[in-house]
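Asker: Could you look at this predicted model? Sequence included:
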Amino acid sequence: MPKYLLIMRGTDESNAALMANIDEMMATTRQFIEEMVKAGVLLAAEGLDDPGQGVVVDFSGEAPVVTDGPYGETKELFGGFFLLDVASKQEAVEWAKRVPAAPGSKIEVRRVPGDDEMPQVDE
């Protein structure tokens, strides 16, 4: 079965709304994860730390440049993911529609290509 990544993307506003109701959101998310486990579709799920704690490695110049935190002009940030093993894109979308998310958040659904779909390197 194909794998799909449900990528959680949020804005400063949606992340603030999430933090305002963090206990309720965490309980709802744990319940959602349990539903995916019972359905046998969840392969992995992780949330990410505050983007201000990370760094950005920029490859626009000759040498990579490392700066603190996300770019200032970033409108949406990747906040975490669910990796699912489901039968179809439509099934992944149905799960994505059920993700507990704060208003203003988005869930991007992306298929993970199998090993047999990767370009082969002649040795």
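Answerer: In hand now; what should we look at? Numbering: from 1, shown residues only.
Asker: so where's the longest helix in this structure?
Answerer: For the chain, the helix that runs over the most residues, judged by DSSP state H, is helix 22-39.
Asker: what pairs with the very next helix or strand once past it, and is each one parallel or antiparallel?
Answerer: Next in sequence after helix 22-39, counting helices and strands by DSSP states H and E, comes strand 42-47. Strand 42-47 pairs in its sheet with strand 77-85 (antiparallel), by DSSP bridges.
Asker: any idea of the angle the strand it pairs with forms with helix 22-39?
Answerer: On the basis of axes from the mean of the first three to the mean of the last three C-alpha atoms, to 10 degrees, strand 77-85 is oriented at 20 degrees to helix 22-39.
Asker: what stretches of this protein score poorly on pLDDT?
Answerer: 70-74, 121-123 (pLDDT under 70).
Asker: dump the residue contacts of residue 65.
Answerer: 57-58 (C-beta atoms under 8 Å, 6 or more residues apart in numbering). In this view, the C-beta of every residue, glycine as well, is placed from N, C-alpha and C.
Asker: quick one: it from residue 53, how far?
Answerer: Note on residue 65: its distance to residue 53, by C-beta to C-beta, to the nearest Å, is 19 Å.
Asker: just residue 27 next, same as before
Answerer: 25 Å.
Asker: same check, this time on residue 46
Answerer: Relative to residue 53, and taking C-beta to C-beta, residue 46 is found at 15 Å.
Asker: Kindly report the same for residue 4.
Answerer: The gap separating residue 4 from residue 53 is 28 Å, by C-beta to C-beta.
Asker: Before I go, just wanted to say thanks for your time.
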